[in-house]
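>>> Can you look at this prediction? I've put the sequence above it.
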Amino acid sequence: MMFETIGVIVQFLPVIFILFVANLAQKLREEEQPYLALAALAYAMVAVIHAALALLGVMALLGPLSLGTQMEEIVPVQSWAWLGWGMLLPSLAGLALLAKPVRRQVARLTNLDADNPLHAVSGSMSMFIPVYLSVTLGIGLDNLSMELAARAEKTGQPPVTIGFLWAQTALFLLIALIGVGWLTRLSLRKALDRLNIVKPSGREIVIAIGWAFAMVPTVMLLEAGARAVGLGIDADVETLTEQLIGPLFQSPWGIISIGLAAGIGEEALFRGAMQPRFGLIVTSLLFALVHSNYGITLATVVVFLLGMMLGWLRIRYNTSTAMIAHAVYNSTLALIAVTAAQFLNNQ
């Protein structure tokens with residue numbers, strides 16, 4: 001998994017660098033110094049990425065005439081329409097968000113500052129999330145599942161290891177810290193304060209655990225009700241999710257890591273960094289969409305509702321409380337899944 005880990009790091013490096021440059025521009029702006037050159041550099045880097053994605057989207061819409069042979073060598077495509085339009089439209093939206101008149105309209109609905117270079121690139125780069133989801137849907141969950149199975153058989157390693165999981169978490173945390181101004185405008189202590197990552201009180205820990213334990217049966221009842229009316233979890237979603245995180249269930253540290261890694265990384269980025277600027281609903285929607293292995297299914301709705309509840313905990317208490325609740329929720333679900341599997345195997 002070393003190459004996969006390096007691949008994820010390389011994938012996130014441009015985002016980290018763009019946020020760093022945008023923060024430098026915002027620092028100069030706050031100091032009333034010339035900042036437009038740095039801001040333009042950050043905008044240009046984001047625009048190049050979006051333009052490249054939009055071009056790939058157009059090529060995908062042409063299907064086998066342009067990308068067919070090359071894509072089939074990597075992984076089969078289930079829907080060229082999802083792949084094409086799903087890359088093109090969000091990328092065009094991302095380019096539009098770099099224009100100040102568009103940002104001014106968006107600022108009316110969010111806490112984004114239309115004149116802030118950091119907010120400009122953050123808003124634009126948020127469109128990477130629907131692109132990521134659309135690529136997953138275009139390839140198809142079943143195709144991804146088969147590809148992961150073939151790769152695991154070839155390498156003898158699971159798609160996601162504990163090391164890979166924590167490397168991704170570290171990158172999420174780094175993006176959150178750099179994004180709010182660490183190393184440019186804020187010290188580490190002030191960056192953590194901006195993320196609202198604080199030492200939780202005993203009462204907050206109890207509240208977080210209580211909310212987690214309340215969310216678990218709520219979600220299970222929701223899924224049971226959906227199955228009763230024929231809207232159960234998609235089989236491809238279950239298969240892909242099992243391939244991605246199922247191997248982690250085989251050890252106590254894996255189960256704990258599933259909870260802690262998501263609690264730390266995802267909460268720092270979504271609830272800590274993004275929610276104060278994008279708002280509760282938009283952040284929860286982006287949080288749901290980034291879980292592309294669920295496609296657009298009942299599981300996506302569940303993750304959205306989870307994001308809303310975690311977002312409320314962030315507003316009412318702090319990000320640390322949301323982190324604990326998320327970690328306990330994930331680990332509890334993993335433990336229930338392992339226990340149920342063992343029970344069924346013993347029958």
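Sure thing, it's come through. Residues are numbered from 1 along each chain as shown.
>>> Can you give me the distance of Q168 to I324?
Distance of Q168 to I324, computed by Cβ to Cβ, to the nearest Å: 20 Å. Heads up, the C-betas are built off the backbone N, CA and C, glycines and all.
>>> residues of the helix or strand hosting P90 that come out buried?
Using DSSP states H and E, P90 sits within helix 80-96. Across helix 80-96, burial judged by 16 or more other Cβ atoms under 10 Å covers 80, 82-96.
>>> of Q168 and I324, who's got more company?
Neighbour count, other Cβ atoms under 10 Å: between Q168 and I324, I324 has more, with 25 against 20.
>>> give the contact list for that one.
P200, E204, I205, A208, I209, A212, G263 (Cβ atoms under 8 Å, 6 or more residues apart in numbering).
>>> ok, how many other residues are close to I16?
Around I16 there are 16 residues (other Cβ under 10 Å).
>>> one step back: could you dump the helix or strand following the helix holding P90 to CSV, C-alpha only?
Using DSSP H and E, the next helix or strand after helix 80-96 towards the C-terminus is helix 100-107. Output of helix 100-107 as CSV, limited to C-alpha atoms (Å, rounded to 0.1, in the frame of the first residue of the first chain):
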residue,chain,number,x,y,z
LYS,A,100,-16.1,38.0,-7.8
PRO,A,101,-19.7,38.7,-9.0
VAL,A,102,-20.6,35.1,-8.6
ARG,A,103,-18.9,35.0,-5.2
ARG,A,104,-20.9,38.0,-4.1
GLN,A,105,-24.1,36.1,-4.8
VAL,A,106,-22.8,33.0,-2.9
ALA,A,107,-21.7,35.2,0.0
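>>> Could you check how far helix 100-107 is from the centre of its chain?
Helix 100-107 sits 24 Å away from the centroid of its parent chain (Cα atoms, centre = their mean, to the nearest Å).
>>> Measure how that helix sits relative to helix 80-96, angle-wise.
100 degrees (axes from the mean of the first three to the mean of the last three Cα atoms, to 10 degrees).
>>> And helix 100-107, what's buried?
V102, R103, V106, A107.
>>> residue contacts, the first one?
Contacts for V102 (Cβ under 8 Å, 6+ apart) come out as A96.
>>> Next one: it from D115, what distance?
13 Å.
>>> do the second one as well
Distance check for R103 against D115: by Cβ to Cβ, it reads 8 Å.
>>> By mean pLDDT, flag the weakest helix or strand of the protein.
helix 68-74 (a mean of 61; mean pLDDT, DSSP states H and E).
>>> re earlier: tell me the one of the buried residues of helix 80-96 nearest L61?
For these, the closest approach to L61 (Cβ to Cβ) belongs to G84, at 3.5 Å.
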